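Student: 3D model of this:
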Amino acid sequence: QVELVESGGGLVQAGDSLRLSCTASGRASSSYTMGWFRQAPEKDREFVAYSSWNGDSTYYTDSVKGRFAISRDNAKNTVYLQMNSLRPEDTAVYYCVAGPRWLWRATDSSEYDYWGQGTQVTVSS
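Tutor: The predicted structure follows:
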């Protein structure tokens, strides 16, 4: 069992940057694949970014490639999402997720067992 707590969301202007953090408790984060999903109002939840258990492999949805970067510090049980060049269409609630260590570039929400409570990111134009 692991608990995920996100932080770092907020209101920013288009072109700004934000860094989201997600800290895992209950079990070492190195035991898990981790990632980020987001859900905008009246839209389905969508995959954003994936990190293998050791951070050696990452994967992104096309709309954020080159702008977002996922990283992790297993010594701190924390995964990050650095978001640059933010756009109004990035506005959403962002969720940190954790899944089995063996996942490879998992983009389906059903593959992840644990979810954080979400943090709101709002980008104004």
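
Student: from what I can see residue 20 touches residue 6, true?
Tutor: Yes: contact criterion CB atoms under 8 Å: residue 20 and residue 6 qualify, at 6.1 Å. Where you see a C-beta, it was placed from the backbone N, CA and C, and this is true even at glycine.

Student: who touches both of these two?
Tutor: Counting by CB atoms under 8 Å, 6 or more residues apart in numbering, the shared contacts of residue 20 and residue 6 are 94, 96, 119.

Student: In a helix, residue 117, correct?
Tutor: No: counting by DSSP: H, G, I helix; E, B strand; the rest coil, residue 117 is not part of a helix but coil.

Student: any idea how far it lies from residue 4?
Tutor: According to CB to CB, to the nearest Å, residue 117 and residue 4 sit 8 Å apart.

Student: And for residue 19?
Tutor: 16 Å.

Student: Those two: which has the busier surroundings?
Tutor: residue 4 (23 against 13; other CB atoms under 10 Å).

Student: tell me which element the residue nearest the centre of the chain is part of?
Tutor: Centrality entry for the chain: nearest residue to the mean C-alpha point is residue 36, 2.3 Å, by CA atoms, centre = their mean. Using DSSP states H and E, residue 36 sits within strand 32-39.

Student: Pull up the pairing partners for the following helix or strand past that strand, direction included.
Tutor: Tracing the chain past strand 32-39, the next element assigned as helix or strand by DSSP H and E is strand 46-51. Partner strands and pairing direction for strand 46-51 (DSSP bridges) are strand 32-39 (antiparallel), strand 58-60 (antiparallel).
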